[in-house]
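Enquirer: sequence-free structure coming up:
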């Protein structure tokens with residue numbers, strides 16, 4: 001934790017990113033799983049914290065994952081051993097304090113991380129399995145225990161920091177401790193709102209998709225054609241289609257509501273009538289069930305969006321823009337009535353959140369080029385023309401962008417950057433609080449650290465004898 005504490009005391013750019021090495025070690029899992037396939041030739045225990053051990057392979061893997069994300073630091077082996085010791089101390093204490101994470105939480109995290117990777121791969125399961133050299137279920141099995149331990153350590157840290165907050169006076173005092181020549185320089189930033197609108201399917205295409213789904217169901221039930229063959233030929237779900245429509249085992253809550261409601265009402269081997277969801281029409285077959293887990297296969301027929309549908313959507317969004325500009329409706333009302341509720345901004349009154357920072361500020365260089373050019377000459381509180389884009393699932397949509405604020409490049413100051421300074425001050429205080437918690441628990445926890453690792457200056461605090469000079 002020394003390095004984290006030191007970072008919190010200097011006015012570097014990293015400080016404003018509020019990097020936490022403990023969380024890096026917790027969140028690295030799944031960011032580059034392919035590295036986990038490399039064979040470990042030699043391994044050894046480098047440390048033990050209570051009942052938890054740290055292997056040399058654990059340490060080297062964390063370092064390589066951090067490097068792959070662009071993180072660099074002197075004496076990385078020492079720094080990451082320090083962080084792993086903290087993580088294992090919190091994991092050990094979580095078991096003493098009976099902290100729990102449910103199997104459902106672990107499964108949801110595994111599914112979410114795999115889903116993010118599949119999104120980058122265009123939903124191609126075969127590409128995923130080729131890249132990682134194993135099936136999705138095998139990947140989940142491999143990382144389930146590691147993720148459980150990481151979530152326990154993370155929850156323990158959350159419990160430790162639950163009551164930690166920051167006052168305005170502490171924010172001001174924190175800012176005053178930063179040397180003037182170390183204050184970060186912020187690039188131009190903007191705050192944006194958006195309305196996202198998807199083209200509606202025309203009735204002719206809607207009927208075509210429904211009729212095809214109905215006909216495929218008839219061919220399965222009446223003509224006896226194999227479900228898996230028709231799925232492979234017709235299904236527009238690229239992942240399951242190649243597997244004959246097989247969706248594998250999934251827990252309740254894994255599917256969209258309409259799909260799940262129909263699936264859980266089926267008897268074994270029963271096939272639904274066409275079920276409509278946001279993705280199109282599904283024919284679902286129930287293969288098996290174990291408690292809340294269900295094994296399904298399906299055929300998806302998606303109505304096609306025509307260019308005429310797309311043009312109508314653009315005109316619709318342009319008319320919404322005119323209503324807002326003429327004060328006929330407010331931007332917030334338009335978000336609630338017209339924007340897609342699948343977008344993160346929908347539940348934030350249309351305000352866009354920067355996924356890198358978690359706040360509403362975007363550096364100009366981080367913006368999508370289409371958004372950048374749309375707001376480049378836009379005045380404050382004005383709205384752009386409709387911008388066409390394609391979402392990660394390949395669907396065409398349009399968005400209106402509202403410019404709420406724009407800052408000029410500047411050196412950090414309390415007036416313009418109070419929220420960022422407050423966040424950095426709070427992270428600093430949390431770091432000091434965790435540091436104190438660690439020191440307190442070093443005295444009551446059994447530690448064994450390989451002698452050669454004790455040469456790291458930051459590791460000495462883990463040995464009560466060395467730390468106290470006894």
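Expert: Arrived safely, thanks for sending. From a predicted model like this one, the values you see are computed outputs, not experimental measurements.
Enquirer: so where's the chain shaky on pLDDT?
Expert: 1-42, 122-123, 464-470 (pLDDT under 70).
Enquirer: Give me the domain ranges for it.
Expert: 2-184+413-468, 186-200+306-409, 203-301 (automatic domain parsing).
Enquirer: Format the ones you listed as JSON lines; extra columns: mean neighbour count.
Expert: C-beta: built from backbone N, CA, C; applies to glycine. Output for the domains of the chain, formatted as JSON lines (neighbours: other C-beta atoms under 10 Å):
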{"stretch": "domain 2-184+413-468", "mean neighbour count": "16"}
{"stretch": "domain 186-200+306-409", "mean neighbour count": "16"}
{"stretch": "domain 203-301", "mean neighbour count": "17"}
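Enquirer: Please, where are all the strands along the protein?
Expert: 45-49, 52-55, 185-186, 189-197, 246-251, 275-277, 280-290, 293-301, 361-363, 387-390, 396-406, 410-411, 447-449 (DSSP state E).
Enquirer: the inter-axis angle of the fifth one versus strand 293-301?
Expert: The reference is to strand 246-251. In terms of direction (axes from the mean of the first three to the mean of the last three C-alpha atoms, to 10 degrees), strand 246-251 departs from strand 293-301 by 140 degrees.
Enquirer: tell me what strand 246-251 is packed against?
Expert: Applying 3 or more C-beta pairs under 8 Å, 6 or more residues apart in numbering; DSSP states H and E, one finds that strand 246-251 contacts helix 136-160, strand 293-301.
Enquirer: okay if I get the strands of the chain as TSV plus distance to residue 74?
Expert: Listed next are these as TSV, based on distance: least, C-beta to C-beta, whole Å:
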stretch	distance to residue 74
strand 45-49	19
strand 52-55	21
strand 185-186	24
strand 189-197	31
strand 246-251	45
strand 275-277	52
strand 280-290	51
strand 293-301	48
strand 361-363	27
strand 387-390	42
strand 396-406	38
strand 410-411	27
strand 447-449	20
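Enquirer: what's the longest helix in the protein?
Expert: helix 414-442 (DSSP state H).
Enquirer: In terms of secondary structure, what does that helix contact?
Expert: Using 3+ C-beta pairs under 8 Å, 6+ apart: helix 414-442 touches helix 2-7, helix 13-17, helix 76-96, helix 136-160, helix 168-176, helix 464-468.
Enquirer: switch the cut-off to 7 Å
Expert: Under the contact criterion of 3 or more C-beta pairs under 7 Å, 6 or more residues apart in numbering; DSSP states H and E, helix 414-442 touches helix 2-7, helix 13-17, helix 76-96, helix 136-160, helix 168-176.
Enquirer: So which of these is nearest residue 257?
Expert: Nearest to residue 257 among these is helix 136-160 (23.2 Å), distances taken as C-beta to C-beta.
Enquirer: and that closest one, how far out from the chain's middle?
Expert: Here helix 136-160 shows a centroid-to-chain-centroid distance of 15 Å under the convention C-alpha atoms, centre = their mean, to the nearest Å.
Enquirer: Mind giving me the packing neighbours of that helix?
Expert: The contact analysis (3+ C-beta pairs under 7 Å, 6+ apart) places helix 136-160 against helix 21-27, helix 76-96, helix 103-120, helix 125-132, helix 414-442.
Enquirer: hmm, try it at 8 Å
Expert: Helix 136-160 packs on helix 21-27, helix 76-96, helix 103-120, helix 125-132, strand 246-251, helix 414-442, going by 3+ C-beta pairs under 8 Å, 6+ apart.
Enquirer: what's the angle between the third one and helix 125-132?
Expert: Compare the direction of helix 103-120 with that of helix 125-132 by the same axes, to 10 degrees and you get 100 degrees.
Enquirer: Could you pull out the helices in the stretch 201-350 of the chain for me?
Expert: 203-221, 227-234, 238-241, 257-263, 307-325, 331-338 (DSSP state H, counting those that start in this stretch).
Enquirer: Same list (those) but as CSV, adding distance to residue 160.
Expert: Compiled in CSV, the helices of the stretch 201-350 of the chain are given as follows (distance: least, C-beta to C-beta, whole Å):
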stretch, distance to residue 160
helix 203-221, 53
helix 227-234, 50
helix 238-241, 40
helix 257-263, 37
helix 307-325, 46
helix 331-338, 38
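Enquirer: and of the ones you listed, who's closest to residue 62?
Expert: Comparing the helices of the stretch 201-350 of the chain by C-beta to C-beta, helix 238-241 comes nearest, at 30.8 Å.
Enquirer: Not counting its own residues, what contacts that closest one?
Expert: With C-beta atoms under 8 Å, 6 or more residues apart in numbering as the test, helix 238-241 has contacts from 118, 122-125, 231-232, 235, 246-247, 297-298, 300.
Enquirer: and which of these is nearest residue 55?
Expert: residue 118 (29.7 Å).
Enquirer: For that closest one, give its distance to residue 132.
Expert: Distance of residue 118 to residue 132, given as C-beta to C-beta, to the nearest Å: 11 Å.
Enquirer: Kindly report the same for residue 335.
Expert: Applying C-beta to C-beta to residue 335 and residue 132 gives a distance of 39 Å.
Enquirer: Tell me which of the helices of the stretch 201-350 of the chain lies nearest to residue 46.
Expert: So among the helices of the stretch 201-350 of the chain, helix 238-241 is nearest, using C-beta to C-beta, at 40.2 Å.
Enquirer: Turn the helices and strands packed on helix 136-160 into CSV, including distance to residue 44.
Expert: Shown next, in CSV, are the helices and strands packed on helix 136-160 (distance: least, C-beta to C-beta, whole Å):
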stretch, distance to residue 44
helix 21-27, 19
helix 76-96, 13
helix 103-120, 28
helix 125-132, 27
strand 246-251, 37
helix 414-442, 23
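Enquirer: Perfect, that will be all.
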